[in-house]
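Enquirer: starting from these lines, generate the structure:
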Amino acid sequence: MCKWRLIDTGPLDGAANMALDEALLNCFQKDPARPVLRLYGWSPATLSVGRYQDAAAALKLDLCREEGVPVVRRMTGGGIIYHAAEVTYSVVCAPEHLGDRTGVKEGFRKLCGFLLGAYQRLGLDARFAVDCNPDGERLGERTSFCFAGKEEFDVVVNDRKIGGNAQRRLSGAILQHGSIPLENRVQQGLRYLKEPAPGAARSVSLSELGHTPGPVELKRLLAECFQERMDVDLVLEPVTDEEAVSARKLEEHKYRCPTWTFEGRS
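Expert: Residues are numbered from 1 along each chain as shown. Okay, the predicted model is just below:
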């Protein structure tokens, strides 16, 4: 059975979180011996924008500054997410860990399978959007706010999207990260958008579905389901010295820099 590293960093601020995800990916590219599942949170609550979004066009940046809400840019695509009251995961692995010929779509199906397992263990009828789309809703439409639209392998419960996922593929390596909302904070996040995102009202959280696990309990469930669905053995480990150094450099020179955050230039 393949061994994967399990890293639980607890809550960090937005820049530190995104810097560490990229550092894990960069270090894995150099030494792809052990793939990683990382579990974490956000403190304080933060808005993240997708890699290719125009932050100034999408967000009321003056309001963000006035209310002290940090903004960070992800290295993955997708729409804006307001990160609060959630558990977040990131996976760093090689395509070979998902099957030799796994394409992007099947990669999402494989990597998001543990989320289905966790929700189903809670007694929820969780499915992929592509597998339960009776009204023929158009999937994959670009939206400025992540929870306002559905991708094929987003998880839905009773046709309502729960959480979101984004992926970046580099040579020989994959980074995927996503959110598991404990409470619905979508309305707070929408306050900072310049344009309305009506589809976001259809998103849902665990508490709205009658489940209120704490972060520790939810992370334990996620790890168990990851092992089952991926058929791997998770070994709890800390961040290495090399990863920590790389993360600090990325945090200082990229993720805390306005040119990256607001213009996408590093």
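Enquirer: report the longest strand in this protein, please.
Expert: Of all the segments of type strand in the chain, defined by DSSP state E, the longest one is strand 2-12.
Enquirer: and it, which strands flank it?
Expert: Here strand 2-12 has these sheet partners by DSSP bridges: strand 36-42 (parallel), strand 232-236 (parallel).
Enquirer: quick check: buried residues in that strand?
Expert: Across strand 2-12, burial judged by 16 or more other C-beta atoms under 10 Å covers Trp4, Arg5, Leu6, Ile7, Asp8, Thr9, Leu12. To be clear about C-beta, it is placed using only N, CA and C from the backbone, and glycine gets the same treatment.
Enquirer: surely the fourth one meets Leu37?
Expert: Yes - contact between Ile7 and Leu37 holds when scored by C-beta atoms under 8 Å: they sit 7.3 Å apart.
Enquirer: one step back: any chance of CSV for the buried residues of strand 2-12, columns pLDDT and distance to Pro215?
Expert: Putting those into CSV (pLDDT from 0 to 100; distance: C-beta to C-beta, whole Å) gives the following:
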residue, pLDDT, distance to Pro215
Trp4, 98, 20
Arg5, 98, 20
Leu6, 98, 15
Ile7, 98, 15
Asp8, 98, 10
Thr9, 97, 12
Leu12, 98, 13
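Enquirer: could the residues you listed be laid out in TSV, adding distance to Thr76?
Expert: Converted to TSV, the buried residues of strand 2-12 look like this (distance: C-beta to C-beta, whole Å):
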residue	distance to Thr76
Trp4	20
Arg5	20
Leu6	21
Ile7	18
Asp8	21
Thr9	18
Leu12	17
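Enquirer: other residues contacting stretch 215-222?
Expert: Here stretch 215-222 makes contact (C-beta atoms under 8 Å, 6 or more residues apart in numbering) with 8, 39, 41, 87, 89, 114-115, 118, 121-122, 180, 182, 206, 213.
Enquirer: give the PyMOL command for selecting the buried subset of these.
Expert: This is how PyMOL selects the buried members of the contacts of stretch 215-222, with burial counted by 16+ other C-beta under 10 Å:
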select buried, resi 8+39+41+87+89+114+115+118+122+180+182+206+213
